[in-house]
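> Provided below for reference: sequence and predicted model.
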Amino acid sequence: MGIVPLCFKPGEDADTLGLTGHERYTINLPSNVSDIKPGQDVTVTTDTGKLFTCTVRFDTEVELAYYSHGGILPYVVRSLVHTNN
């Protein structure tokens, strides 16, 4: 699906949240990509049960379109194919 860019909330970082980088994360996004809004806050859960909030760094609708297509390259290829049909 693509990479979800996240930003810690002000005053928080990996150290203050006790994150080591060895965790697995579940990002609680809306199931429908069209329900994701630029700058939206989401809950992140680690495999150890730690919960914290991050801001999704999709800053524009175009970035959301790239994400929903699985990245920039698939988006461009689909656009080219659609244009040529």
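Thanks, I have the structure now.

> could you pull up phi and psi at residue 62?
According to degrees, to the nearest 10, the main-chain angles of residue 62 amount to phi -60, psi -40.

> do you know how far it is from residue 55?
In this view, residue 62 and residue 55 are 18 Å apart by Cβ to Cβ, to the nearest Å. C-beta here means a position set from N, CA and C on the backbone, and glycine is covered the same way.

> list the contacts of stretch 36-54.
Residues outside stretch 36-54 that contact it (Cβ atoms under 8 Å, 6 or more residues apart in numbering): 6-9, 12, 17-19, 23-30, 55-61, 63-64, 67.

> now, which of these lie within helices?
With DSSP state H as the criterion, helices contain 61, 63, 64, 67 from among those.

> buried members of these into ChimeraX, please.
Here is the ChimeraX command that picks out the buried ones among the ones in helices among the contacts of stretch 36-54, judged by 16 or more other Cβ atoms under 10 Å:
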select :63,64,67
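
> and which of the ones in helices among the contacts of stretch 36-54 is nearest to residue 74?
Of all the ones in helices among the contacts of stretch 36-54, residue 74 sits closest to residue 67, with 10.4 Å by Cβ to Cβ.

> select the longest helix from the protein.
Across the chain, the longest stretch assigned as helix under DSSP H is helix 72-84.

> which residue ranges form the strands in this structure?
Using DSSP state E, the strands of the chain run over residues 6-8, 25-28, 41-46, 51-56.

> as TSV, the ones you listed with mean pLDDT and distance to residue 72 would be great.
Formatted as TSV, the strands of the chain follow (pLDDT from 0 to 100; distance: least, Cβ to Cβ, whole Å):
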stretch	mean pLDDT	distance to residue 72
strand 6-8	97	18
strand 25-28	95	20
strand 41-46	97	22
strand 51-56	97	17
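
> need these in TSV (columns: distance to residue 75 and mean neighbour count).
What follows is the strands of the chain, written out as TSV (distance: least, Cβ to Cβ, whole Å; neighbours: other Cβ atoms under 10 Å):
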stretch	distance to residue 75	mean neighbour count
strand 6-8	21	14
strand 25-28	21	12
strand 41-46	22	15
strand 51-56	18	16
